[in-house]
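Novice: heads up, no residue letters with this:
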């Protein structure tokens, strides 16, 4: 069993001790107003007692923080509850013993009190002291939850702002990429081939290119879209490329229906499909295949895009700028709750995005 675990807080120490001081002052003022303590020595001992209680709690804050953190999904909830109850009891007893040793040390040394006298003096307050310290831990734990909730909210707001900035940059970069020679020249060449030979197909291709660019612009003010919308863009892109490759391109899309309403960053598939054509399908002499799979496994959302490659090709190695840009955007949206992985086999290249803890 994992007893008395530490979960380090990121609250600055000076603020922790200031809060401990405020707790001490508040409690002493409340007791003084109800009991009207006139004995100076007794009043000083009370100050020593409560200052030691709350400053000791400040020192033990990492252990209290471990009591209120979320349960680990892979472990039994019952076992974790028992561990935390045992840890709570040990923390309360530790605080109780240490603070009362400090409280009674002066009478023991200077007033000739014996250990028996100390026990008899403290006995009526044992249960009350335990309950009060348990309440202390509950209050401190509640404050920690509030603080972390506020910090999480602020972090999410910053992530949204950062994502908005990155999204605008990404959209401009995406539009530029769509219009650069690699894509544009190939598309225009295909269009030129169709004009006069198959005017109906040429008009259809112009409409598809227009629709593709319109979809990019329509998404400029949206940070997240449904995966179904992303697939719609993906298919539109592939329809244009199919005109170029004709029967040399095979497309396989296998998407579970439960994934279609999951919210994902806009144009999440864009860098993957561009790489698939630029460094994969575009370098083949024969037939190539692109496979898109999307499914849920436990609480994870997994997107897999693979394409046929030619390892004998002499083309320059990819700079992976698109993947780095995608990785940065995923980091901004999901923090550490994602994995972007790539695998290169003998005949295919696979990019896998795993988004963890999907509700």
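Specialist: Alright, I've got the coordinates. Keep in mind that what you see is a predicted model, and the values were worked out from it rather than measured.
Novice: the strands in the stretch 251-359 of the chain, which residues?
Specialist: Along the stretch 251-359 of the chain, counting by DSSP state E, counting those that start in this stretch, strands occupy 263-265, 288-297, 300-308, 338-344, 348-355.
Novice: so can I have TSV of those strands showing distance to residue 332, mean neighbour count and mean pLDDT?
Specialist: For the C-beta atoms, the positions are set from N, CA and C on the backbone; glycine is no exception. As requested, the strands of the stretch 251-359 of the chain are exported to TSV (distance: least, C-beta to C-beta, whole Å; neighbours: other C-beta atoms under 10 Å; pLDDT from 0 to 100):
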stretch	distance to residue 332	mean neighbour count	mean pLDDT
strand 263-265	8	20	89
strand 288-297	21	18	92
strand 300-308	17	20	93
strand 338-344	10	13	91
strand 348-355	13	19	93
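Novice: would you turn these into JSON lines with distance to residue 274?
Specialist: Output for those, formatted as JSON lines (distance: least, C-beta to C-beta, whole Å):
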{"stretch": "strand 263-265", "distance to residue 274": "16"}
{"stretch": "strand 288-297", "distance to residue 274": "12"}
{"stretch": "strand 300-308", "distance to residue 274": "11"}
{"stretch": "strand 338-344", "distance to residue 274": "14"}
{"stretch": "strand 348-355", "distance to residue 274": "11"}
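Novice: for those, which one sits closest to residue 62?
Specialist: strand 338-344 (28.0 Å; C-beta to C-beta).
Novice: report the angle between that closest one and strand 300-308.
Specialist: Here strand 338-344 runs at 20 degrees with respect to strand 300-308, directions being taken by axes from the mean of the first three to the mean of the last three C-alpha atoms, to 10 degrees.
Novice: quick check: angle from strand 338-344 to strand 348-355?
Specialist: Using the same axes, to 10 degrees: strand 338-344 against strand 348-355 is 170 degrees.
Novice: which neighbouring elements make contact with strand 338-344?
Specialist: helix 321-334, strand 348-355 (3 or more C-beta pairs under 8 Å, 6 or more residues apart in numbering; DSSP states H and E).
Novice: of the ones you listed, which is nearest residue 238?
Specialist: Of the helices and strands packed on strand 338-344, nearest to residue 238 by C-beta to C-beta is strand 348-355, at 15.8 Å.
Novice: run the angle between the closest one and strand 288-297 for me.
Specialist: Using the same axes, to 10 degrees: strand 348-355 against strand 288-297 is 20 degrees.
Novice: strand 348-355 pairs with which strands?
Specialist: strand 300-308 (antiparallel), strand 338-344 (antiparallel) (DSSP bridges).
Novice: what does stretch 141-160 contact?
Specialist: 9-11, 19, 61, 64-65, 67-68, 223, 332-333, 335 (C-beta atoms under 8 Å, 6 or more residues apart in numbering).
Novice: so among those, where is pLDDT lowest?
Specialist: Among these, residue 223 has the lowest pLDDT, at 74.
Novice: re the thing from before, any chance of the strands paired with strand 348-355 in JSON lines, with distance to residue 42 too?
Specialist: Listed next are these as JSON lines, based on distance: least, C-beta to C-beta, whole Å:
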{"stretch": "strand 300-308", "distance to residue 42": "61"}
{"stretch": "strand 338-344", "distance to residue 42": "60"}
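Novice: for residue 104, which of these is the nearest?
Specialist: strand 338-344 (55.3 Å).
Novice: before we move on, the earlier item: among the contacts of stretch 141-160, name the buried ones.
Specialist: 9, 11, 19, 61, 64, 65, 67, 68, 223, 332, 333 (16 or more other C-beta atoms under 10 Å).
Novice: which SSE is the fifth one in?
Specialist: Going back to what we said before, that points to residue 64. helix 61-68 (DSSP states H and E).
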